[in-house]
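A.B. asks: Quick one, what's the 3D model for this:
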Amino acid sequence: MTATTQLLAAATLGSIVVVAYVYLGYPILVWFCSRLFGRPPVRPSVPDTDLPMLTLMIAAYNEERDIGERVRNALQTNYPASRLRVVVASDGSTDATNAIVAGFRNPRVKLFAFPVRRGKAAVINDVLGQIRDGVVMLSDANTTIDPNSARHLAAWFADPSVGAVCGRLVLTDPQVGRNVDSLYWKYETFLKKCESRLGALLGSNGGIYAIRWSVFTPIPTDTLVDDFVLPLLARSNTGCRIVYDRDAVACEETPASMISEFHRRARIGAGGFQSIGILWRLLLPQHGWVAFTFLSHKVLRWVCPFFLLAALGLNILLLDEPLFRALFAAQLTFYALSLCGGSIPARPRALRILRLPAMFTMMNAALFVGFWRWALGRQKITWRRTQREVGDRVLVSEQPPYPNRVTTLGASDQVTFDATAHDATRMDSVPTAPALLSHSEGR
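C.D. replies: Numbers count the residues shown, from 1 in each chain. So this is what the prediction gives:
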């Protein structure tokens with residue numbers, strides 16, 4: 001081989017090695033390290049009288065299909081009623097979302113009705129900036145939480161070193177309601193457990209996580225992946241621990257189509273690249289295991305599409321070498337399986353392994369698209385509701401069904417919570433705040 005050929009060969013093989021490390025080597029290494037150096041965190045046993053004040057916040061945009069059931073689910077939480085409040089933060093919803101929440105005549109239900117759609121990060125900053133006590137549990141409008149999940153999450157905060165807790169999100173089939181966690185989701189859950197043992201958990205599941213209000217740091221309003229940035233920014237600024245609790249369970253329906261899932265992953269990819277600029281300090285060696293997991297689990301995974309393209313493109317220049325002709329054939333075979341994988345049925349289970357190439361390729365293609373959306377500034381800050389089942393019907397209401405119960409505060413008003421009364425108090429003297437719907441009637 002000439003020097004140039006050797007260089008090309010090294011670059012090709014090096015690209016493949018990086019990808020293999022990210023998806024195969026890192027899981028083995030983090031499991032080994034977690035067993036050798038880590039220990040499973042133990043949730044404290046906390047009596048009802050010592051549980052913290054808990055605010056369950058649900059961010060919503062045009063969620064009239066699910067929001068009523070979601071609020072009912074939140075009110076059924078097995079948590080002391082005097083210590084629980086449910087906040088729905090509606091980010092410029094134009095359907096009946098606000099009116100449906102207004103129909104809950106319960107002093108524990110509050111609606112922040114933002115008239116202008118600005119994105120989830122801005123909504124979180126505004127609402128958490130006004131709660132000012134206890135623990136905030138964040139969830140989505142299309143997520144159903146187990147009645148005991150809030151109690152499981154809140155108990156961790158009896159340990160003053162804990163700043164955030166990530167729950168376990170279970171994916172369900174919208175047609176039959178069964179658990180359909182994919183191999184990929186089980187793989188990710190495995191990594192979370194290992195990283196939690198090392199005290200190096202990265203981010204959380206957006207459908208179910210909690211943060212101690214005192215460690216909350218406002219995130220940039222253009223943040224795309226709040227559930228990743230919010231806990232890690234708290235970790236970066238305060239040194240608090242992030243733990244994983246598999247018993248704190250929430251369920252969410254799988255997207256109805258691969259296209260919906262692709263767009264969701266592309267947005268996450270754009271948010272991942274964006275988050276490096278916010279959280280880069282966690283890559284410094286003094287952050288120990290966090291730096292290791294952040295680099296290996298996230299940063300290197302986000303750049304894998306470029307290593308895959310390099311492996312394929314450089315391999316073309318090496319087709320005169322028998323070894324690299326075989327390697328090129330192997331790559332083409334893998335991508336051919338990817339094209340066919342989407343049509344392979346999920347049953348029987350033995351066929352699932354044949355779907356892995358399609359899932360792997362789709363995920364990396366979405367990351368590649370996400371990178372360019374981020375680099376070119378084309379990823380929208382605002383989110384849209386992911387259709388979760390075939391035939392998902394979106395209702396449109398010209399007039400909300402409860403117009404007499406909707407009260408909008410002016411732009412110069414601010415609302416704060418009274419921790420004793422668990423109701424809203426209007427403070428006209430403090431500038432800038434969202435609109436609020438307050439319901440003090442008994443249910």
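A.B. asks: Show me which residues of stretch 91-107 are buried.
C.D. replies: Using 16 or more other C-beta atoms under 10 Å as the test for burial, stretch 91-107 gives 91-93, 95-104, 106-107. Where C-beta positions appear, they are placed from N, C-alpha and C, glycine not excepted.
A.B. asks: Which members of those residues occur in helices, if any?
C.D. replies: Members of those lying in helices (criterion: DSSP state H): 97, 98, 99, 100, 101, 102.
A.B. asks: which one of the buried residues of stretch 91-107 is nearest residue 363?
C.D. replies: Proximity of the buried residues of stretch 91-107 to residue 363 (C-beta to C-beta) peaks at residue 91, which lies at 27.5 Å.
A.B. asks: Isn't that closest one up against residue 119?
C.D. replies: Yes. Residue 91 lies in contact with residue 119 (C-beta atoms under 8 Å); the separation is 6.9 Å.
A.B. asks: For the two, list the residues in contact with both.
C.D. replies: Shared contacts of residue 91 and residue 119, defined by C-beta atoms under 8 Å, 6 or more residues apart in numbering, comprise residue 382.
A.B. asks: after the helix or strand containing residue 123 comes which helix or strand?
C.D. replies: Per DSSP states H and E, residue 123 falls inside helix 120-131. Heading C-terminal from helix 120-131, the first helix or strand you meet, by DSSP H and E, is strand 135-140.
A.B. asks: contacts for that next one?
C.D. replies: Against strand 135-140 from outside (C-beta under 8 Å, 6+ apart): 52-59, 74, 124, 128, 145, 150, 153-154, 157, 206-213, 216, 227, 230, 250, 252.
A.B. asks: can you list the domains in the protein?
C.D. replies: Using automatic domain parsing, the domain ranges for the chain come out as 1-37+257-386, 41-256+390-443.
A.B. asks: Export those as TSV, with columns for mean pLDDT.
C.D. replies: Formatted as TSV, these follow (pLDDT from 0 to 100):
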stretch	mean pLDDT
domain 1-37+257-386	90
domain 41-256+390-443	79
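A.B. asks: Which strands and helices lie in contact with the longest helix that the chain contains?
C.D. replies: Criterion DSSP H: the longest helix present in the chain is helix 258-279. Packing contacts for helix 258-279, counted by 3 or more C-beta pairs under 8 Å, 6 or more residues apart in numbering; DSSP states H and E, involve helix 226-238, helix 300-302, helix 356-375.
A.B. asks: one more time with 6 Å, if that's ok
C.D. replies: Counting contacts by 3 or more C-beta pairs under 6 Å, 6 or more residues apart in numbering; DSSP states H and E, helix 258-279 is packed against helix 226-238, helix 356-375.
A.B. asks: Distance from the chain centre to the shortest one, please.
C.D. replies: Read it as helix 226-238. Distance of helix 226-238 from the chain centroid (C-alpha atoms, centre = their mean, to the nearest Å) equals 12 Å.
A.B. asks: Can you tell me the strand partners of the very next helix or strand once past that helix and which way each runs?
C.D. replies: Downstream of helix 226-238, the next assigned helix or strand under DSSP H and E is strand 241-253. Strand 241-253 sits in its sheet next to strand 143-145 (antiparallel), strand 162-172 (parallel), going by DSSP bridges.
A.B. asks: For the last one, give me every contacting residue.
C.D. replies: In this case it means strand 162-172. The contact list for strand 162-172, computed with C-beta atoms under 6 Å, 6 or more residues apart in numbering, reads 149, 153, 156, 179-181, 185, 204-205, 207-212, 215, 231, 234, 240-246, 248-254.
A.B. asks: What of stretch 76-89?
C.D. replies: Under the contact criterion C-beta under 6 Å, 6+ apart, stretch 76-89 has outside partners 48, 51, 53-60, 74, 101, 108-112, 123, 127, 147-148, 150-151, 422.
A.B. asks: ok, now which ones touch the closest residue to residue 235 other than its chain neighbours?
C.D. replies: If the residues on either side of it in the chain are set aside, residue 235 comes closest to residue 242, at 5.8 Å by C-beta to C-beta, 6 or more residues apart in numbering. Neighbouring residues of residue 242 by C-beta under 6 Å, 6+ apart: 164, 201, 231, 235.
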